[in-house]
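Engineer: Any chance you can model this:
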Amino acid sequence: MSERMTPSAEAARALRDVERRRDQARASEQESRWVSVVFGVAIFAQMAAPDFVGDDVRSWISMALAVLSLVYMVMLRTPRGGALLGRPTRVRREEISPRFIRLAQLVMVAVAVICFLATRFLPHGPFPYTGTVVGAVIGATLILFGRNLQRALNSLAFRGDGKDGLGGATYGSR
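Structural biologist: Residues are numbered from 1 along each chain as shown. From the prediction side, this is the model:
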């Protein structure tokens, strides 16, 4: 005699399956380690190059970093690029907390304003090799703690205070 599952047991199993897939999708929203290393090295190079080569290299380094960022954004939008970056799936926009989106936009504007003001009004080097030291700290932080920082941001982004919360399996593959 074969055992038949009761409707409540079947529903519980389906809910566990949905939760497991949700956790898999959230876990896949982390970059590969090499992405943090590449951007950490790029930021260090951008900050340190003027100290060693001169101010003439700033435009070339900035252009290279802009191209790297553009390639990264294009890769995020394509299935193969996402897989190379270590992101086989993508969480739908509705799953991200609206409060997190507003806060992230506010932080981006604040960082842009601070960077603009710092480049216009602060002296270019209170001591020799300032850019190298700052670049080393920022690059090392990104390389060493990038995944932890991303995990923390993801936990804030996926909090259930959106329109629908986190109910339902709304994760789609790329």
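
Engineer: and the longest helix anywhere in the chain, what does it pack onto?
Structural biologist: For the chain, the longest helix by residue count, based on DSSP state H, is helix 130-157. Packing partners of helix 130-157 (3 or more C-beta pairs under 8 Å, 6 or more residues apart in numbering; DSSP states H and E): helix 33-52. C-beta: built from backbone N, CA, C; applies to glycine.

Engineer: which parts of the longest helix of the chain are buried?
Structural biologist: For helix 130-157, a neighbour-count test (16 or more other C-beta atoms under 10 Å) marks Gly131, Thr132, Gly135, Ala136, Ile138, Gly139, Leu142, Ile143, Gly146, Arg147, Asn154, Ala157 as buried.

Engineer: nearest to Arg16, of those residues?
Structural biologist: Asn154 (21.8 Å; C-beta to C-beta).

Engineer: mind checking how far that closest one is from Ile96?
Structural biologist: 9 Å (C-beta to C-beta, to the nearest Å).

Engineer: which parts of stretch 71-82 are buried?
Structural biologist: For stretch 71-82, a neighbour-count test (16+ other C-beta under 10 Å) marks Met75, Gly81, Gly82 as buried.

Engineer: That's all I had, so thanks and see you.
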